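Asks: Here is a sequence together with a model predicted from it:
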Amino acid sequence: MKNSLDSKIIYRVFSIIQEKGEKKDDGWHYHGLIADSDQDGYNISIHDPYVKLSLGFHHSYHLDYKSGLEAEDFTNKLLDIYRSKPE
């Protein structure tokens, strides 16, 4: 699971969510995902109700989930956004 993503994909998905998503108090909302970052932008997170992805300054990420199926669905959402065509 961990090897199916890399930091370039995660940063690009984060950027797409910021560009296309709706800004709310808890972050940018887009296609069932919420993206936010710390004040300086070095640490970002993307999550849905079941999975949280955290990416740190040194390009290492961590997925927090209870079910492998939920993590797989989450990863597929990220990859779908990454592969989406610009509007």
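Replies: That came in fine, so what should we check first?

Asks: burial of His31, as a residue count?
Replies: By other Cβ atoms under 10 Å, 14 other residues sit near His31. Bear in mind the C-beta positions are built from the backbone N, C-alpha and C, glycine included.

Asks: And it, how far from Ser15?
Replies: For His31, the distance to Ser15 equals 14 Å [Cβ to Cβ, to the nearest Å].

Asks: Kindly report the same for Asp26.
Replies: Asp26 is 18 Å from Ser15, by Cβ to Cβ.

Asks: ditto for Asn43
Replies: 15 Å.

Asks: do Asn76 as well
Replies: Distance from Asn76 to Ser15, by Cβ to Cβ: 19 Å.

Asks: Who does the helix or strand of the chain with the lowest mean pLDDT pair with, and is each partner parallel or antiparallel?
Replies: Within the chain, confidence by mean pLDDT, DSSP states H and E is lowest for strand 61-64 among all helices and strands, at a mean of 92. Sheet pairing here is set by DSSP bridges, and for strand 61-64 it gives strand 52-55 (antiparallel).

Asks: Contacts for the strand it pairs with, please.
Replies: Residues from elsewhere that reach strand 52-55 (Cβ atoms under 8 Å, 6 or more residues apart in numbering): 5, 7, 10-11, 14, 43-47, 61-65, 74, 78.
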